[in-house]
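> what follows is a predicted protein model with its sequence.
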Amino acid sequence: MQSARIERTPHTLRLLAALDGRQAGGLAAFLALALVVVPLLNLAVPPDSAFHVSAYAITLIGKIMCYAMVAVAMDLIWGYGGILSLGHGLFFALGGYAFGMYLMRQIGRDGSYRSELPDFMVFLDWKELPWYWTGSDSFLWAALLVVAVPAIVAFVFGYFAFRSRIKGVYFSIITQALTYAAMLLFFRNETGFGGNNGFTDFKRVLGYSITAPETRLVLFGLTALALAGTLLFARWLTTSKFGRVLTAIRDAESRVMFIGYDPLWYKLAIWTVSAVLCGIAGALYVPQVGIINPSEMSPGNSIEIAIWVAVGGRGTLIGPVIGAFVVNLAKSWFTVSFPEYWLFFLGLLFIVVTLLLPKGLLGLWQTLRAGKSARGAR
Amino acid sequence: MTRRFRSLLTALALAAGSALAAPDPAVVKQLADDDNTRKIEAIRQLTQSAEPAARRLLQAMAEDRLVLAGGRLLIVDDGQASDAASGAPAALPNTPASPEPITINNRVRGELASAIAALDLFAAERSVRLEAARRLQSKAGAELAPLLTRALAGELDAEIRALLSVAKAQADLASRDPAVRRGAVLLLGDTASPAARALLLPLTEQANEPDNRVRYAAISAVKAIDKRLANAENLGRIFTGLSLGSILLLAALGLAITYGVMGVINMAHGELLMVGAYSAYAVQSLFRSHLPDYIDWYLPAAIPLAFFAAAAVGVLMERTVIRWLYGRTLETLLATWGLSLILIQAARVLFGAQNVELANPSWMSGGVELMPNLVLPWNRIVIIGFALFVLFLVWVLMNRTRLGMFVRAVTQNRAMAGCVGVPTARIDTLAFALGAGIAGLGGVALSQISNVGPDMGQGYIVDSFMVVVVGGVGQLAGAVWAALGLGIFSKLLEGWAGAVVAKIAILVCIIIFIQKRPQGIFALKGRFVD
């Protein structure tokens, strides 16, 4: 019998084919905006012009793009895998801390104590770097840690959790407890990560001044690239066979098992990938915002990530990005204009989205459009 | 009559000889010596006599009432002077140079204090003797050994005897005779006091204790005391663990109903605890302004208010939000998190962002001392009792009332319960209100041991869920075992690993435990079985 040769598209082609024309156009527009227009508006346009993009705006948008990456990572496992993690703040913070160690070492002797050691260690009267700081002055090592630490933590935790088929609420609560325990750990001074204050006061990255407008723009551009890459990668992943199995597991895990798949490895893979994406986002976040501390691991922060995804629309890839932008722009506006009302607003947002917008803003938009075209057809 | 009586006494005193005689004038004179060592020697000799007169003399010296006037030692008492040795009245000379008080330094003062305490051992009143024996616990030197022996021989009160024998053993430690020292070491080795351990520790080294047998006895005595101290410490830890467990139970009981029975992930549960705690605060403020005399009793008055306040918030939550989300567990999680943010901010607006002060009623302060290093504080004991009370209340409500029966019926088969006429929607509201009210009760208990502020609930939510998850969803008994187990286990771990490591270790243990028993200690039977 002659076996029919199955035509397989190469992955690189599939990666591009995963986007339709409009999506590819949108991505290109976004990159052009972030890599060309915004830098020009920041550097070339005088500050008093209406078109000037301030350093504050660059930092804010850069920060939100990091959050958007986290939201996409969260969507991969919640929207596509059906696993609600309340611990993604941990992976984000781990990436941030891993890169923060490098940034701390880059301060060199410019700290307030003029010591080779980071200031908080001098303050605690430590004489040398703890062993786990070995190699922290190397950028490559830091970059490796940014990926490896969240990956290892996620893999080990996920292996045990998924192997015993902990799911649903149990999983959510255990991830929350994990983040909580890590937060307690990082709050301690003995842990060697700056305790309460975390890492701050960075001066340089790869030898360049961290506050220079050019460095800021490069970081901004890198974040935009990372976000675009994340979206592209997520699109490819979710449209691949792996993504289909994952969605099948989300919808009917036992049936997938009966067909012969082992859900453990699918879940574990997406869980680890998602953690790594969070770690990279954290590493990009820290030099732009200039601080990383244990409050990033508070249970509240991790739940907020879920609301970004829910607001935008989970199970879509652009939805979480929209959600992250909407919620965080609202946050920076509310906390400045009405500081007392931000929590009321956020709380209401949680309730309204879960009660009235199960598919998020994107779902609302689609419903409205469908309604419009249905009326138009009549 | 009086005169005759006094002469009789004098005769008796003469007959009794030195036992009741006035102190030896030569020794008394020595008290005025310039050399402090000689003074101390004199004090010791006077103490040995165990005379009331000697006590009076030493007391006067300690109070700077012993003066040297024209070569005579006088005791000044309310402007009246008497001869220090004989006690006979004497005139105070009026020359500017005299009377000259006897100066004493700290060393002499310390010596006087223990001498007076030693002499007090022979007082008639039990309380004076007890106080003296207590004071001698840490400062009996070798010179007091004979006196303590004598006091011990005449003492009948068991409590004082016990104290005296420890003091005596302590005095004996400085004895020259190795056998006496060894006896003392063995006796001290039977106690469980850190003070005795501190005394014995030097004797375990060759430099301080040349005699091998005494040293070995001291080494094993220190070991025995260490063991007893460690035991007491462990008992203490188990007790704190028990009280932590009952706090966890109070925090988690309400959740065991809302999550366990109704399948609602109530992330605002911690804020319901907060409502209870703020209710207690409000009642305290009311008592402060209107019933200041009964301020100690504000807490019992707060209990019903906290229950109904939290239950009312619960009804509001259920009617507005939760009712639309039954069966969509993860969604209840997000929505109730939103509710919790709103409640936190509401507390900030109403009561301010700072923590508020809640006073411990006086009947809750202090504690029961079981051992020198084991004190059980009353507020912890009260909280354990309160947790038992609330547990009993919940059990009665769930198992002995119509409401409880309906709640259980709805849990097991909602459709069937509805068919036989159980108003399921109303039961949901009531059950949620019950869980919320119990959280309010937990909040009252928490207000007595930790900060009350807008953020207080967040600290308990993770722990509460751990209890419910470990205990098994929907099981009161599971919640009880899990809360007590987690409480005791974490306190024991904290003892040797520190609080944070203990917390992480517990988390790891819970994850491992859930691997083995995904349904918790007790498995669930009901409509939420997956």
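That came in fine, so what should we check first? The structure presented is a predicted model; accordingly, all values stated were derived computationally and were not measured.
> quick check: residues of chain B near chain A?
B:265, B:267, B:321, B:324-325, B:329-331, B:333-335, B:337-342, B:344-345, B:348-349, B:458, B:461-462, B:465-466, B:469, B:499-500, B:503-504, B:507, B:510-512, B:514-516, B:518, B:530 (CB under 8 Å from any CB of the partner chain). Placement of C-beta: from N, CA and C, glycine included.
> buried ones among those?
Among these, those classed as buried by 16 or more other CB atoms under 10 Å in any protein chain shown are B:265, B:267, B:321, B:325, B:329-331, B:333-335, B:337-342, B:344-345, B:348, B:458, B:461-462, B:465-466, B:469, B:500, B:503-504, B:507, B:510-511, B:514, B:518.
> so what touches stretch A:195-213?
With CB atoms under 8 Å, 6 or more residues apart in numbering or on different chains as the contact definition, stretch A:195-213 has outside contacts at A:42-43, A:55, A:97, A:100-101, A:103-104, A:106-108, A:110-111, A:118-120, A:139, A:186-189, A:193-194, A:214-215, A:218-219, A:286-287, A:290-294.
> do the same with stretch A:332-341
Against stretch A:332-341 from outside (CB under 8 Å, 6+ apart): A:Leu60, A:Trp342, A:Phe345, B:Gln345, B:Arg348, B:Val349.
> also near chain B: which of the contacts of stretch A:195-213, exactly?
Among the contacts of stretch A:195-213, proximity to chain B is found for A:Phe187, A:Arg188 (CB under 8 Å from any CB).
> buried among the contacts of stretch A:195-213? Need that as a selection in PyMOL.
A single PyMOL command is used to select the members of the contacts of stretch A:195-213 judged buried by 16+ other CB under 10 Å:
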select buried, chain A and resi 42+97+100+101+103+104+106+107+111+118+119+120+186+187+188+193+194+215+218+219+286+287+291+292+293+294
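> identify those among the contacts of stretch A:195-213 that sit within helices.
Among these, DSSP state H puts A:42-43, A:55, A:97, A:100-101, A:103-104, A:106-107, A:119-120, A:139, A:186-187, A:214-215, A:218-219, A:286-287 in helices.
> gap between stretch B:262-272 and the chain center?
Put simply, stretch B:262-272 sits 34 Å off its chain's centre (CA atoms, centre = their mean, to the nearest Å).
> I meant to write stretch B:322-334 there.
Per CA atoms, centre = their mean, the centroid offset for stretch B:322-334 relative to its chain is 45 Å.
> same check, this time on stretch B:449-468
Counting by CA atoms, centre = their mean, stretch B:449-468 comes out at 24 Å from the chain centroid.
> now swap in stretch B:354-368 and tell me
On CA atoms, centre = their mean, the centre of stretch B:354-368 falls 13 Å from the chain's centre.
> does B:Val214 touch B:Arg182 like I think?
Yes - between B:Val214 and B:Arg182 there is a contact under CB atoms under 8 Å: 4.7 Å.
> low-confidence stretches in the chain?
Let's take chain A. A:1-18, A:376-378 (pLDDT under 70).
> switch to chain B, please.
Scanning chain B for pLDDT under 70 picks out B:1-22, B:50, B:70, B:92-99, B:138-142, B:260-261, B:372, B:473-475, B:518, B:520-530.
> which single residue in it comes nearest to chain A?
Nearest to chain A, among the residues of chain B, is B:Gly338, at 2.6 Å (CB to the nearest CB).
> doesn't that residue belong to a strand?
No - per DSSP: H, G, I helix; E, B strand; the rest coil, B:Gly338 lies outside any strand segment and is helix.
> can you name the residue of chain A nearest chain B?
Counting by CB to the nearest CB, chain A gets nearest chain B through A:Phe350, at 2.6 Å.
> are we agreed that that residue is in a helix?
Yes - when classified by three-state DSSP, A:Phe350 is found to be part of a helix.
> nearest residue to B:Met456 other than its sequence neighbours?
Among residues not flanking B:Met456 along the chain, B:Met274 sits closest, at 5.3 Å (CB to CB, 6 or more residues apart in numbering or on different chains).
> now do that neighbour against B:Gly498, distance only.
According to CB to CB, to the nearest Å, B:Met274 stands 28 Å off from B:Gly498.
> my guess is A:Ile166 contacts A:Ile174. True?
Yes - taking contacts as CB under 8 Å, A:Ile166 lies within contact range of A:Ile174: 6.4 Å.
> and the two? Which one has more around it.
A:Ile174 (25 against 22; other CB atoms under 10 Å in any protein chain shown).
> next SSE downstream of the helix or strand that one falls within?
Per DSSP states H and E, A:Ile174 falls inside helix A:168-187. As assigned by DSSP H and E, the chain's next helix or strand after helix A:168-187 is strand A:199-200.
> where do the strands sit along chain B?
B:66-69, B:72-77, B:80-83, B:89-90, B:100-101, B:367-371, B:374-377 (DSSP state E).
> of those, which is nearest B:Ala353?
B:Ala353 sits nearest to strand B:374-377 of all those, at 29.6 Å, using CB to CB.
> sheet partners, orientation included, of the closest one?
strand B:367-371 (antiparallel) (DSSP bridges).
> I'd say A:Phe123 and A:Ser112 touch.
No - using CB under 8 Å, A:Phe123 is not in contact with A:Ser112, being 9.2 Å away.
> looking at the two, which has the bigger crowd around it?
Neighbours were counted for A:Phe123 and for A:Ser112 using other CB under 10 Å; A:Phe123 has more, 17 against 10.
> spatially central residue in chain A, please.
A:Val70 (1.8 Å; CA atoms, centre = their mean).
> so that residue makes contact with A:Ala281?
Yes - A:Val70 lies in contact with A:Ala281 (CB under 8 Å); the separation is 4.9 Å.
> quick check: neighbours shared by those two?
A:Phe92.
> what's the burial count for residue 46?
Chain wasn't specified; assuming chain A. Using other CB under 10 Å, A:Pro46 has 7 neighbouring residues.
> to clarify, I was referring to chain B.
Burial measure for B:Leu46: 24 neighbouring residues, criterion other CB under 10 Å.
> confirm A:Ser115 sits in a helix?
No - according to three-state DSSP, A:Ser115 belongs to no helix; its state is coil.
> got the contact list for it?
Here A:Ser115 is in contact with A:Arg109, A:Val122 (CB under 8 Å, 6+ apart).
> what residues does A:Glu253 make contact with?
So A:Glu253 contacts A:Lys167, A:Pro263 (CB under 8 Å, 6+ apart).
> coming back round to it: which residues does the residue of chain A closest to chain B contact?
Contact partners of A:Phe350, counting by CB under 8 Å, 6+ apart, are A:Ile307, B:Leu334, B:Ala335, B:Trp337, B:Gly338, B:Leu339, B:Leu341.
> how close does it sit to B:Ala268?
For A:Phe350, the distance to B:Ala268 equals 11 Å [CB to CB].
> now swap in A:His52 and tell me
Using CB to CB, A:His52 is found at 44 Å from B:Ala268.
> those two: who's more crowded?
B:Ala268 (31 against 14).
> show me which of B:Met274 and B:Gly498 is the more surrounded one.
Taking other CB under 10 Å, B:Met274 and B:Gly498 do not tie; B:Met274 has more neighbours (32 against 12).
> wait, isn't that one in contact with B:Tyr460?
No - using CB under 8 Å, B:Met274 is not in contact with B:Tyr460, being 9.1 Å away.
> what's the burial count for the residue nearest to B:Thr329 when sequence neighbours are not counted?
Closest residue to B:Thr329 apart from its sequence neighbours, by CB to CB, 6+ apart: A:Val169 at 5.2 Å. By the criterion of other CB under 10 Å, A:Val169 has 21 neighbours.
> do A:Leu140 as well
Counted with other CB under 10 Å, the neighbours of A:Leu140 add up to 9.
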